[in-house]
Structure formats: C-alpha cells, structure tokens
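# output the structure for:
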Amino acid sequence: MTNLIITSLKNPLVKQLRKLHRSKNRHQQNLFLLEGNNTITTATTLNYPLAIVCCTPQWKKCHQQLWQTITRQAQRVELVSPEVLSAIATTVNPDGVVAVAPRQLSQQSDVIIQHLGLLAERLQDPGNLGTIIRTAVATGVEGLWLSRDSVDFDHPKVLRASAGEWFRLPITVTNNLAQTIQEQQKHNIQVIATVPQAGKTYWEIDFSRPSLILLGNEGAGLSAELIALADELVTIPLDSAVESLNVAIATALILYEAKRQNS
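Here you go, the predicted structure:
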C-alpha cells in the first residue's frame, strides 16, 4: 500500500471493482465484494482470503485494530476518498470499507449429513437466501446445497442479509439437486419437502433423525421432480386468508422445530 489516496472514479482499480456489482463480472473475475465492518470482521476472524481492501482515511483512523488485521491478511490495501468508496460499494451509506475476495465454493458433494442440511431450488431473492443462511447457522445446519439457477450465493445482498454468518455455512452450487438427494438417501437421511398441501405439519416430523430439508422457489415452490424424491411432505398450517409464507420465514419455523426437538 502507498500513502496515496485514490480519488478518481476513472482509476483502473475503481473501474474493476465497480464491475463486481454485476453477476457476469463476478463470475468472469472470480471475485466478489464484501462490505461493512461486520462482514469484513467475520472474514478476517475466520481467515477468509482477502484480495483487495479499500477504505477511507477516516475509517482507518476509527478502526485501528481491524485496520492492522487487514494489512496483515489482505494482498492489497488502498486508501480511497469517500466518493470513490461510495462508487465501489453497493450500499447507499457504506461504512467506509469495502473488500474484494475470491469466490470460494464448498466442495461438499460427498458430505453426508449427520444432523441437518438444507437444499434450495431456484431461490431468486438475495434477501431470502441471506436470511436463510443466517438462520441455518443459528440452528446448527451443516450445509446448504443450492441449484445453479438460484441467485448468486455471493450476491452483495445475500452477504448483508446473512449478517456475517455467510462465512460459517458450507455452500455448494450444483446442477443436479436430485443426485444430491439420492446420495443422502443412500445413507438413510430422511428428505423432507415443504409443500402448500400435505398430510403432515412440520412439527409431526421426527427431527432426531438426520434430515435434509428441501426449499422451493419463492413463487413456484419445489419442482415435481424433487417432491417425488422426498420421503416426507410437510406443510405449515395457515389461516384461510393467507396464501403462503415467505420462504425465509417458513425455513426458520422448520429449523427451529428441529432445534427444539434436539435440545
């Protein structure tokens, strides 16, 4: 790091990092953005690799301990003006620090669930995915399998909604959720599909058994293919005036029932 402060929006580094707002460029560069004190603190605590960190002089002055940690762990650190920081960040009022990290997926295709796992098909809302990740970590979920046509697992809004817990949950993106389900079933893992209508409510399931919970798209739900593979179909009872629950809220209810049964 030099003592110079980057002030121009035309700086090549600034142009490169602004491109990471778009999914296409995150994939091409194999990088993604980390924003805010909580997210970056968690990343450093868990030794997640940081390629570049940009912060304002004022942020550096106010966060000396985190600054020292960053300078030891990041490959490159740059001071930038508040205007440049705002241009790099995706948030309206950024904390004053943005990091860039390599995209890293967990290679857990051969991991067998010991207690609880999640599998999500075609999730589209990054806020939902981030909230599901946060709740999953809070309830002891061992891993999340995500269909490749879901929202990017490292979308900036996913990380923000996860409140830093994103780093603590192994996530695998796969083209073949059905194969993942079948592999788990070979090891006597019960597979539970959440559907609008079913003969059982979620609290009637025995979660003392290792379980894989299937979550569907916000509007369309689970595909018929995945529903057909499930060992159990469960629903969340609703008053007649309510059509459905948000997928993140529905997931939280089921995960906390599983936690209750195993406490």
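
# now the nearest residue to residue 55 once chain neighbours are set aside: how far from residue 66?
In space, and not counting its chain neighbours, residue 55 is closest to residue 97: 4.1 Å by CB to CB, 6 or more residues apart in numbering. C-beta coordinates here come from the backbone N, C-alpha and C atoms, glycine included. Residue 97 sits 8 Å away from residue 66, going by CB to CB, to the nearest Å.

# who's more crowded, the two?
Between residue 97 and residue 66, counted using other CB atoms under 10 Å, the more crowded position is residue 97 (25 against 18).

# residue boundaries of the strands in the stretch 101-250 of the chain?
116-120, 144-147, 171-174, 190-194, 200-201, 211-215, 232-235 (DSSP state E, counting those that start in this stretch).

# quick one: closest of those strands to residue 38.
Relative to residue 38, the nearest member of those by CB to CB is strand 171-174, separated by 18.8 Å.

# list the buried residues of that closest one.
171, 172, 174 (16 or more other CB atoms under 10 Å).

# wait, the second one sits on residue 148?
No. Residue 172 lies out of contact with residue 148 (CB atoms under 8 Å); the separation is 10.3 Å.

# want to try JSON lines for the strands of the stretch 101-250 of the chain, with distance to residue 163 and mean pLDDT as columns?
Output for the strands of the stretch 101-250 of the chain, formatted as JSON lines (distance: least, CB to CB, whole Å; pLDDT from 0 to 100):
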{"stretch": "strand 116-120", "distance to residue 163": "17", "mean pLDDT": "97"}
{"stretch": "strand 144-147", "distance to residue 163": "16", "mean pLDDT": "95"}
{"stretch": "strand 171-174", "distance to residue 163": "16", "mean pLDDT": "92"}
{"stretch": "strand 190-194", "distance to residue 163": "24", "mean pLDDT": "96"}
{"stretch": "strand 200-201", "distance to residue 163": "29", "mean pLDDT": "94"}
{"stretch": "strand 211-215", "distance to residue 163": "19", "mean pLDDT": "97"}
{"stretch": "strand 232-235", "distance to residue 163": "27", "mean pLDDT": "95"}
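
# mind putting the ones you listed into a markdown table with distance to residue 43?
Output for those, formatted as a markdown table (distance: least, CB to CB, whole Å):
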| stretch | distance to residue 43 |
| --- | --- |
| strand 116-120 | 22 |
| strand 144-147 | 18 |
| strand 171-174 | 15 |
| strand 190-194 | 31 |
| strand 200-201 | 39 |
| strand 211-215 | 26 |
| strand 232-235 | 36 |
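
# figure out which of those strands is closest to residue 37.
Among the strands of the stretch 101-250 of the chain, the nearest to residue 37 by CB to CB is strand 171-174 (22.7 Å).

# residue 135 is in contact with residue 169, correct?
No. At 10.1 Å, residue 169 and residue 135 do not qualify as touching, with contact defined as CB under 8 Å.

# quick check: angle from the longest helix seen in the chain to strand 116-120?
In the chain, assigned by DSSP state H, the helix with the most residues is helix 247-261. Angle, helix 247-261 to strand 116-120, by axes from the mean of the first three to the mean of the last three CA atoms, to 10 degrees: 170 degrees.
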